[in-house]
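> my questions are about this predicted structure, shown below with the sequence.
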Amino acid sequence: GESVGLHLPTLSVQEGDNSIINCAYSNSASDYFIWYKQESGKGPQFIIDIRSNMDKRQGQRVTVLLNKTVKHLSLQIAATQPGDSAVYFCAENSGGYNKLIFGAGTRLAVHP
Amino acid sequence: GAVVSQHPSWVICKSGTSVKIECRSLDFQATTMFWYRQFPKQSLMLMATSNEGSKATYEQGVEKDKFLINHASLTLSTLTVTSAHPEDSSFYICSAVRGRGQVQAFFGQGTRLTVV
């Protein structure tokens, strides 16, 4: 079936740098996308979401960009901190079904 | 607000026994809850959708007789792993959607199941 995919398992950045985590999705009918952060042994934590009628949304230190033309989603984290170290998942909602399909995840490692 | 609690956080059981995991929405009513399992270093795989007052909808490849789901109230869904085997050892996570037409899901803290 259709799925959301990530290609890079690990992203290493220096503290204070900006991080960009990418996600490719395949279901063109998806109308809602979410980024989650998951720390070891815990459930996913909501970071930011975006609907398909938008191409950019900003939160506190985070920005999500949506490119529907190429079915690409990205999460930008400004001034990355050690506390940002975790696995990040993108998830898509395939319009009307209220269930989320998760991507493979990217581990973000922040080095001092 | 929007707190989802799972219990237990971890459980160890003997092979062949059954284990029940609870998922509660503490401060809102959840018409829909979802159950996921996650193997180490992998993503969350949706197992089933649990709707209050009706039968759960299972994803392809998930055995409904092995993973029994009950959503008896708007704040509680349970997942029972029946006749557990070591290959069922995993991290089980639930999520709850607040209200109808809403899509933002709130996740529990997960349950680590180890079958020995």
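Yes, it's here. Please read these numbers as outputs of a predicted model, since none were measured by experiment.
> does whichever residue of chain A sits closest to chain B count as helix, strand or coil?
Nearest to chain B, among the residues of chain A, is A:Gly43, at 3.8 Å (CB to the nearest CB). No exception for glycine: its C-beta is placed from N, CA and C like everyone else's. Using DSSP: H, G, I helix; E, B strand; the rest coil, the structure places A:Gly43 in coil.
> what about the closest residue to it other than its chain neighbours, how many residues nearby?
Spatial nearest neighbour of A:Gly43, excluding adjacent residues (CB to CB, 6 or more residues apart in numbering or on different chains): B:Phe107 at 3.8 Å. Residues near B:Phe107, counting by other CB atoms under 10 Å in any protein chain shown, number 23.
> right, and the helix or strand after the helix or strand of chain A with the lowest mean pLDDT?
Of all helical and strand segments in chain A, the minimum by mean pLDDT, DSSP states H and E falls on strand A:4-5, at a mean of 49. Following strand A:4-5 in sequence order, the next helix or strand is strand A:10-14 (DSSP states H and E).
> determine if any part of the next helix or strand along the chain from that next one is in contact with chain B.
With elements assigned by DSSP H and E, the helix or strand that comes after strand A:10-14 is strand A:19-25. No: shown here: strand A:19-25 not in contact with chain B (CB under 8 Å from any CB of the partner chain), separated by at least 11.3 Å.
> report all helices and strands that strand A:19-25 contacts.
When contacts are defined as 3 or more CB pairs under 8 Å, 6 or more residues apart in numbering or on different chains; DSSP states H and E, strand A:19-25 sits against strand A:4-5, strand A:10-14, strand A:72-77, strand A:86-93, strand A:106-111.
> report the buried residues of that strand.
For strand A:19-25, a neighbour-count test (16 or more other CB atoms under 10 Å in any protein chain shown) marks A:Ser19, A:Ile21, A:Asn22, A:Cys23, A:Ala24, A:Tyr25 as buried.
> show me the shaky parts of chain A.
Within chain A, the ranges that satisfy pLDDT under 70 run A:1-8, A:95-98.
> got the residues of it near chain B?
A:1, A:9, A:32, A:34, A:36, A:41-46, A:49, A:89, A:93, A:98-105.
> of the residues you listed, grab the buried ones for ChimeraX.
Of those, the buried ones go into a single ChimeraX selection, burial set by 16+ other CB under 10 Å:
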select /A:32,34,36,42,43,44,49,89,93,98,99,100,101,102,103,104,105
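> contacting residues around stretch B:2-9?
Identification of contacts with stretch B:2-9 by CB atoms under 8 Å, 6 or more residues apart in numbering or on different chains yields A:43, B:21-28, B:30, B:92-96, B:98, B:106-112.
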